[in-house]
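**Student:** structure for the following, please:
(2 chains)
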Amino acid sequence: MFEISLFIEPLWQTIYMVFFSSLLAMLFGIPLGVVLFITRPHHILSHEKIHRLMNMLVSGLRSIPFIILMIALIPFTRFLVGTSIGTTAAIVPLAVCAIPFLGKVVESVLSEVSSGLIEAAQSMGASTMQIILKVLLPEALPGLIQGVTLTVINLIAYSAMAGTIGGGGLGDLAIRYGYQRFDTQVMLLTIVILILLVQFTQFLGDLFVKRLRR
Amino acid sequence: MIELRHVFKKYHTRAGDIPALVDINLQVKRGEIFGVIGKSGAGKSTLIRSVNLLERPDQGEVLIEGKNILTLSAKALCQVRHNIGMIFQHFNLLSSCHVYDNIALPLVLLNYSRKEIQKKVEPLLELTGLTQKKLAYPRQLSGGQKQRVAIARALASHPAILLCDEATSALDLHTTQSILGLLKDINQQFNLTILMITHEMEVVKAVCDRVALLSQGRILELSTMAEFFTRPKTEKAKKLIETLSHRALPEKLLKNKKEQFFEGSVPIWRIYFTGNSAQSPIITALIQRCALEINIFQANVETLKEDTLGIMDVTVKGDPKQLQLGVDYLISQGARVEVLGYV
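**Tutor:** Numbering: from 1, shown residues only, chains lettered A, B, ... in the order given. The predicted structure follows:
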């Protein structure tokens, strides 16, 4: 048998990594998505060069498998956090992976906002910033929340790989006990916890969306 | 108030350049309701969107209250736009906001305080008959109600100009009438200058003071309503006005009609009556005084904003002298006769 306390720390580590990397993803991913969107050709801040550069960066980052990205980013992580090992260090590659993902999702969510609405705002004399803050983002809010939910769920999945750089977490626990020690029970319970975590995230996201849909 | 001077606009497509506006010149006076009518693809939308620079002309000048807005900075342009309200065919309301917040949007953009906003929005709710719907979301409203919200929103910053981009085209006949009534009201109440584009002749007839006919990016005709319908200056304009007003001759007559007189034929007249002549018994007089035999096959009285316009298509039997007498009499009564052909 095992002690339930075995799960406490890994669960906490997972939540810690996912929470902060999600926060960073939103902080940078949403503005990135907005910029990607408004610099599109014939858009409110149309700028071909910036748009193409951003797009290239985003698709480039998204093509790197997470486990490789994590290792490739070690010098960068060390520069930011001071160490490349540990739970906090794992937040860096997780965020770097989530930012372009969320950016791309945000871009596509924003493109669902009717262009007529943007035009109406322009006709009212709204500045570009006002269009983004008062029209685009409020109108796209339900979609944005769905995008963030999706990102958080992705991050929960990716955080399982954080063990590679000593980040700990539930995934790491499952690999160490389930794979390396053939302790199926621990692995199964980890899976159950992960499923609950993902379901809970989805539930929260859906709840917000339902409240907002009009 | 609004003036376009030598405005040109081209669209660049893969198939080559398509001229959307060609040398547009027009002036809309303060307090006037000016209509621009044309088929779809005539350039109407481009024209109205040039007035607040949602679309930038390639050449020419756009003057608002005498100031060329094409040379303004982005910030100054925003200022000008606060003075020009606009409503759209598909309303373009924020679906995430209720009626009140939608109407408040232009004021929020101007950084008004919550109290000031309330002071301005409440009367607009009343004006547009939306007080009951204050907290409803656009999804819960009918098309007419949505357009009322859009009108209230367009008026929130007290603009001097209102642009209507096919504002009634998505609405049914009844709702169209009520929206047009509202536009007429606010035009009078606030001395608001209204520029509207539409493909519906009925709309132009109901509210406009003057009208321009647009075809392939050019203005074919620009005149007062009565003149527009009774004596268009060019043949092309006349044809287009007929198509747009569904005023073509009946099928059977059209088939047998010849341009020139032939043996045994009688002329088809189209008689336009305006003002007084629309109300006097002209046909009776025509039969009695000129001894003409008259067969009416289509007649219509249209009420323009300020005028009544009667249009009657008839065939007339009589010798040339009598016919001439009839034409002279009609002209003396202020009517106008056009020979459409012979059958």
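
**Student:** tell me how far the lowest-mean-pLDDT helix or strand in chain B is from the chain's mean position?
**Tutor:** Using mean pLDDT, DSSP states H and E, the weakest-scoring helix or strand in chain B turns out to be helix B:251-256, at a mean of 79. From the chain centre to the centre of helix B:251-256 is a distance of 30 Å (CA atoms, centre = their mean, to the nearest Å).

**Student:** show me what that helix is packed up against.
**Tutor:** Applying 3 or more CB pairs under 8 Å, 6 or more residues apart in numbering or on different chains; DSSP states H and E, we find helix B:251-256 packed against no helix or strand. Heads up, the C-betas are built off the backbone N, CA and C, glycines and all.

**Student:** just checking, next helix/strand downstream of it?
**Tutor:** strand B:267-274 (DSSP states H and E).

**Student:** report the buried residues of that following strand.
**Tutor:** B:267-274 (16 or more other CB atoms under 10 Å in any protein chain shown).

**Student:** from the contact counts, what lies against that strand?
**Tutor:** helix B:225-230, strand B:308-317, strand B:336-342.

**Student:** buried set for the helix or strand that comes right after the shortest one?
**Tutor:** Towards the C-terminus, the helix or strand next in line after helix B:225-230, according to DSSP H and E, is helix B:235-244. Buried positions in helix B:235-244, judged by neighbour count with 16+ other CB under 10 Å: B:237-238, B:240-241, B:244.

**Student:** next one: stretch B:169-187
**Tutor:** Quick answer for stretch B:169-187 (16+ other CB under 10 Å): B:169-171, B:175-177, B:179-180, B:182-183, B:186-187.

**Student:** ok, so of these, who is nearest chain A?
**Tutor:** residue B:170 (11.7 Å; CB to the nearest CB).

**Student:** measure residue B:268 to chain A for me?
**Tutor:** Shown here: residue B:268 relative to chain A, a distance of 46 Å by CB to the nearest CB, to the nearest Å.

**Student:** what sits closest to that residue if chain neighbours are left out?
**Tutor:** residue B:340 (4.4 Å; CB to CB, 6 or more residues apart in numbering or on different chains).

**Student:** now swap in residue B:83 and tell me
**Tutor:** residue B:159 (5.0 Å).

**Student:** what's the local residue count around the one you found?
**Tutor:** 21 (other CB atoms under 10 Å in any protein chain shown).

**Student:** and what about it, helix, strand or coil?
**Tutor:** coil (DSSP: H, G, I helix; E, B strand; the rest coil).

**Student:** look at it and report its pLDDT.
**Tutor:** Confidence at residue B:159, expressed as pLDDT, is 95.

**Student:** contacting residues for residue 50?
**Tutor:** Picked chain A for this. For residue A:50, the contacting residues are A:35, A:39, by CB atoms under 8 Å, 6 or more residues apart in numbering or on different chains.

**Student:** let me rephrase: I mean chain B.
**Tutor:** B:4, B:7, B:9, B:21, B:24, B:56-57, B:62.

**Student:** export those to JSON lines and tack on neighbour count?
**Tutor:** Shown next, in JSON lines, are these (neighbours: other CB atoms under 10 Å in any protein chain shown):
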{"residue": "B:4", "neighbour count": "21"}
{"residue": "B:7", "neighbour count": "24"}
{"residue": "B:9", "neighbour count": "22"}
{"residue": "B:21", "neighbour count": "27"}
{"residue": "B:24", "neighbour count": "25"}
{"residue": "B:56", "neighbour count": "10"}
{"residue": "B:57", "neighbour count": "24"}
{"residue": "B:62", "neighbour count": "22"}
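
**Student:** just flag the most distant two among those residues.
**Tutor:** B:24 and B:56 (13.8 Å; CB to CB).

**Student:** just to revisit the earlier point, pick the one among the buried residues of strand B:267-274 closest to chain A.
**Tutor:** For the buried residues of strand B:267-274, the nearest to chain A is residue B:274 (37.1 Å; CB to the nearest CB).

**Student:** so that closest one makes contact with residue B:303?
**Tutor:** No. Residue B:274 is beyond contact range of residue B:303, at 11.6 Å (criterion: CB atoms under 8 Å).

**Student:** any low-confidence regions in chain A?
**Tutor:** A:1-2, A:214 (pLDDT under 70).

**Student:** please enumerate the helices of it.
**Tutor:** Counting by DSSP state H, chain A has helices at residues A:5-38, A:48-63, A:66-72, A:74-81, A:87-110, A:115-123, A:128-130, A:137-159, A:170-173, A:184-212.

**Student:** what's the shortest one packed up against?
**Tutor:** In other words, helix A:128-130. Partner elements for helix A:128-130 (3+ CB pairs under 8 Å, 6+ apart): none found.

**Student:** mind listing what's buried in it?
**Tutor:** In helix A:128-130, counting by 16+ other CB under 10 Å, buried: residue A:130.

**Student:** same thing with the second one?
**Tutor:** Residues A:51, A:54-55, A:58 are the ones in helix A:48-63 that count as buried (16+ other CB under 10 Å).
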